[in-house]
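In: Pasted the sequence and its predicted model underneath.
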Amino acid sequence: MTIDNRSLTIDHLMGQATGSVFPAAVLLVLHDNETVFHRAYGYLDPETRRHPTRTDSIFDLASLTKLFTATAFMRLVDAGAVTLETPVAAVLPEFDGVHPITPSMDPLSGELIPPEPQWADATVDADKITFRHLLTHTSGLAAWRPLYRIGEPEGPVPFPWQVTPAVRVRRVAAICDGRSFAYPTGERLVYSDLGLILLGEAVAKLAGERDRTRIERIGRKGPDFFFGNLENGAGDLLDTAIRQLVLEPLGFQRACLNPLTHGVSADEIASTEVCSWRKRRCLGEVHDENAAGLGGVAGHAGLFATAAEVAMLGALYLNSGKMDGRRLLAPATVAEMTREQVRRDGLARGLGWQRKSADGGPVCPACSEDSYGHTGFTGTSLWVDPSRRLVVTLLTNRVYGGREPAGITGFRPALHGAIVDALA
C-alpha cells in the first residue's frame, strides 16, 4: 500500500526543500503500521555529491534522543525500580538542597536572562523535585548551561569519545551546584536539556543497580557521585542502559551513540555544521555541544539512527507499548506518557513527549488534538497521530549551513499538512 497520487505533493515539497532547508533528508510515513512513503533526498556530502542519501542513511537525532531516554526510564518504572513521584535526589543524592533562582542563559544567543521579578527572592528545594517534573519540563531547572566549557583542555577540542570519565563527572555535577534554577518548581514549563541530562544519569544508575555488579547501592554519597570511580564511567552505563532497555528490544541494528566507535562508516552518516567551538564539521560526532562534552552519551542528545528505527519507536507508542507481539511498555504507561500533563503559555507536554500546541505547532493544525511527538535541533522530528493511525518521521541535517531555524519551522507544518491531506 502507498499513499495515492497526492504523494506527488509530498515529494515535491521534499524536493523543493532539499538544498534550501536541508542538504539531506529521509521521510518515512507509517499508516496503520504499514509503510506508505519512504524516500531519501539530497546528498550526505553536498559539496562533492559522492554519497546520495539512502533510506537507511544515519542521522544525528538531536533531541529525539530524549524520547529514548524517557522510554528507558518508563521501562524501569514498569519494572518497579522507581516511580514518577520518586524525588530525583533519592536516586541522584547530590541533587538536593535549597537553591536561589538565578539568571539563566539563552541556548541560542548565550545571553543572560534575568529571573522574573516576582521570583527575585524565591528559592527552589531540589529535594522536592520528582521525575515527573523532569519529564514534563516543570522542575525549575533552566533550559541550558554551557557544561562543555567546564574543564576544557588547552588545544584542539577532543572528540566526544575522548572525554574522560572524570571530566564528564564534573560537567554533570555542575547541574547540581545551585546555579541551574530559573523559576519555582511547577510554576513554568521551560524545556530543559539539564533536566533530561539528569534523567539519563538516573536511568544509568537505576539500570546499573538492577544489574548489581557495577554499583554498590543507590543513594551513596561521596567520591563516586555520578559513578565517578567506576571503571568505565557513567557514560558507558547510560549507553548500555539505552541499548538494553530500548534499542535491542526494538530490534534496532544501526542506532547507537558515537557511531564512529561502533563500526559505522562516515560515508553512511549525514554531517552537520562546522562547529565554531570545535573548529571542524561534525560528522559522526554529536552536534549538541553539551552532549559532546559529556562523551557523546547523554540523556538529552547523542543518538544516531535511521528513519525506520525512529518510526519504530513511534509505532511502539501507537500500538500501546507492543511491538511484534512483544510488550515493552504497559498500556497504562503509554497512556500516561502521551496524555497532556501540563499546558503553559500555549505549550503542552506529556511525559517526555510534546503535545500539539495551541497554534498547531510544531507540525500543523490539521493533526489531531490527541497527537504527540518531538523535534530535534538538527532538523529531525517524530510525530504520532493516534486518531489517524499515523506515524511521520522526518530526519534531516538542516544545521549543515547554520542554526537559523526559520526554514525548518516553516517547512514542518507544510509537510505534515500535505501528508494529512494525502491520507484524507
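Out: Looks like it arrived, so ask away. Numbering: from 1, shown residues only.
In: quick one: low-confidence ranges for the chain?
Out: Low-confidence segments of the chain (pLDDT under 70): 1-6, 210-235.
In: So it: which segments form each domain?
Out: The chain breaks down into these domains under automatic domain parsing: 7-57+306-423, 68-247.
In: could the ones you listed be laid out in JSON lines, adding mean neighbour count and distance to Asp288?
Out: In this view, the C-beta of every residue, glycine as well, is placed from N, C-alpha and C. Formatted as JSON lines, the domains of the chain follow (neighbours: other Cβ atoms under 10 Å; distance: least, Cβ to Cβ, whole Å):
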{"stretch": "domain 7-57+306-423", "mean neighbour count": "19", "distance to Asp288": "7"}
{"stretch": "domain 68-247", "mean neighbour count": "19", "distance to Asp288": "8"}
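In: Ok, which of those domains comes nearest His262?
Out: With Cβ to Cβ as the criterion, His262 lies closest to domain 68-247 of these, at 9.7 Å.
In: Would you agree Val392 falls within a helix?
Out: No - secondary structure of Val392 (DSSP: H, G, I helix; E, B strand; the rest coil): strand, not part of a helix.
In: Is the closest residue to it other than its chain neighbours in a helix, a strand, or coil?
Out: For Val392, ignoring the flanking residues on the chain, the nearest one in space by Cβ to Cβ, 6 or more residues apart in numbering is Trp383 at 4.8 Å. Classification of Trp383 by three-state DSSP places it in strand.
In: Going forward, count from 719.
Out: Fine by me, first position is 719 from now on; the one you just mentioned is Trp1101.
In: For Trp1101, give me its contacts.
Out: Residues in contact with Trp1101 (Cβ atoms under 8 Å, 6 or more residues apart in numbering) are Gly1032, Val1081, Cys1085, Ser1089, Tyr1090, Gly1091, Val1109, Val1110, His1134.
In: repeat that with 7 Å
Out: By Cβ atoms under 7 Å, 6 or more residues apart in numbering, the contact set of Trp1101 is Val1081, Cys1085, Ser1089, Gly1091, Val1110, His1134.
In: show me the residues around the second one that make contact.
Out: Same thing as Cys1085. Cys1085 touches Lys1074, Trp1101, Asp1103, His1134, Val1138, counting by Cβ under 7 Å, 6+ apart.
In: go again using 6 Å as the cut-off
Out: Applying Cβ atoms under 6 Å, 6 or more residues apart in numbering to Cys1085 gives the contacts Lys1074, Asp1103.
In: Kindly provide the distance from it to Leu1133.
Out: Distance of Cys1085 to Leu1133, given as Cβ to Cβ, to the nearest Å: 11 Å.
In: Likewise for the fifth one?
Out: Val1110 is 8 Å from Leu1133, where distance means Cβ to Cβ.
In: returning to that earlier point: of the domains of the chain, which is nearest Ala1010?
Out: Nearest to Ala1010 among those is domain 786-965; the distance by Cβ to Cβ comes to 4.6 Å.
In: Can you give me the end-to-end span of that closest one?
Out: Separation of the first and last residues of domain 786-965 by Cα to Cα, to the nearest Å is 8 Å.
In: How far away from the center of its chain is that domain?
Out: Mean-position distance between domain 786-965 and its chain equals 14 Å (Cα atoms, centre = their mean, to the nearest Å).
In: what about the residue lying closest to Phe786 once chain neighbours are set aside, is that helix, strand or coil?
Out: In space, and not counting its chain neighbours, Phe786 is closest to Val964: 5.2 Å by Cβ to Cβ, 6+ apart. Following three-state DSSP, we place Val964 in the helix state.
In: Please identify which of the domains of the chain is closest to Glu1007.
Out: domain 786-965 (4.6 Å).
In: hmm, back to that, list the beta-bridge partners for the residue nearest to Val1110.
Out: Following DSSP bridges, Trp1101 is listed with bridge partners Gly1091, Val1110.
In: Now do it against Ser1075, distance only.
Out: When Trp1101 is compared with Ser1075 (using Cβ to Cβ), they lie 12 Å apart.
In: OK, contacts around Leu1001?
Out: So Leu1001 contacts Ala984, Ser989 (Cβ under 6 Å, 6+ apart).
In: now do Val1110
Out: Here Val1110 is in contact with Val747, Trp1101, Ile1137 (Cβ under 6 Å, 6+ apart).
In: Strands of the stretch 1019-1142 of the chain, start to end?
Out: 1021-1023, 1040-1041, 1044-1045, 1060-1062, 1065-1067, 1072-1073, 1090-1094, 1098-1103, 1108-1114 (DSSP state E, counting those that start in this stretch).
In: same for the second one, what does it pack against?
Out: Using 3 or more Cβ pairs under 6 Å, 6 or more residues apart in numbering; DSSP states H and E as the contact criterion, no helix or strand is in contact with strand 1040-1041.
In: Which residues does it contact?
Out: Counting by Cβ under 6 Å, 6+ apart, residues outside strand 1040-1041 touching it are Leu1034.
In: Same question for the fourth one.
Out: Here strand 1060-1062 makes contact (Cβ under 6 Å, 6+ apart) with Thr854, Thr856, Leu907, Arg1067.
In: Likewise for the third one?
Out: With Cβ under 6 Å, 6+ apart as the contact definition, strand 1044-1045 has outside contacts at Gly1039.
In: can you list the residues that contact stretch 1133-1142?
Out: Against stretch 1133-1142 from outside (Cβ under 6 Å, 6+ apart): Ile721, Arg724, Ser725, Thr727, Ile728, Leu731, Val747, Val1081, Cys1082, Ala1084, Val1110.
In: Just confirm the fourth one is within a helix.
Out: Yes - assessed by three-state DSSP, Thr727 belongs to a helix.
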